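Student: Turn this into a model:
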Amino acid sequence: MTEATRTPDGDEAFDSLEQELATLLRRARAMSAEMGREVHPDLDPEAYGLLAGIHDHSRARASDLAGHFGLGKATVSRQLKVLAELGLIERGPDPADGRAHVLVITEEGRQRLETTRLARRTRWHAVLGRWPVDDVRLLADMLARFNRLGDDACDD
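Tutor: All right, here's what the predicted structure looks like:
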């Protein structure tokens, strides 16, 4: 931290950020747990995020998911095993590397995830429905900018 940012006002801003992020993360974990249960009653919150990641990228390697979500390979492996056992994903050979496997979402996994995402979007509309759309976009843009900080750290 530079001397210019270490002011009482600056410290207060960083303290406030820490508090608000902690609240956001607690609520996000609770929401992920709820979303996971809606996809399948036996699904953990982490597995829900992995399922969404596989869906959003069409196909993914386990190591890519671990890096993207900042999870250990053993944790990802356990969650992927559960997703496969529930019939929500399938493993197949990676056409670019015969030694590796790629993960794809099954039709059942896609349907369950899309139903859950529709319910989540409805909830977001209920929570943020009074906000101007530009404010919702600004929040999304700022969170994306913040999340890219983690991507930049992984590139170093």
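
Student: Convert the C-alpha atoms of stretch 101-109 to PDB, please.
Tutor: The C-alpha coordinates for stretch 101-109 follow below in PDB (Å, rounded to 0.1, in the frame of the first residue of the first chain):
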ATOM      1  CA  HIS A 101     -10.400 -35.700 -20.100                       C
ATOM      2  CA  VAL A 102     -12.900 -33.000 -20.700                       C
ATOM      3  CA  LEU A 103     -16.100 -32.600 -18.800                       C
ATOM      4  CA  VAL A 104     -19.400 -31.800 -20.500                       C
ATOM      5  CA  ILE A 105     -22.800 -31.200 -19.000                       C
ATOM      6  CA  THR A 106     -25.500 -33.800 -19.700                       C
ATOM      7  CA  GLU A 107     -29.000 -32.900 -21.000                       C
ATOM      8  CA  GLU A 108     -30.400 -33.600 -17.500                       C
ATOM      9  CA  GLY A 109     -27.700 -31.400 -15.900                       C
END
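
Student: Okay, buried residues for that stretch please.
Tutor: Burial within stretch 101-109, assessed by neighbour count using 16 or more other Cβ atoms under 10 Å, is assigned to V102, L103, V104, I105, T106, G109. C-beta here means a position set from N, CA and C on the backbone, and glycine is covered the same way.

Student: Can I get those residues in CSV including pLDDT and secondary structure?
Tutor: Formatted as CSV, the entries for the buried residues of stretch 101-109 read as follows, by pLDDT from 0 to 100; DSSP: H, G, I helix; E, B strand; the rest coil:
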residue, pLDDT, secondary structure
V102, 92, strand
L103, 94, strand
V104, 93, strand
I105, 95, strand
T106, 96, coil
G109, 95, helix
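
Student: Could you list the low-pLDDT ranges of the chain?
Tutor: Along the chain, the parts satisfying pLDDT under 70 run over 1-9, 150-156.

Student: Give the next helix or strand downstream of whichever helix in the chain runs longest.
Tutor: Ordering each helix of the chain by length in residues (DSSP state H) puts helix 8-39 first. Remark: after helix 8-39, the chain's next helix or strand is helix 45-56, criterion DSSP states H and E.
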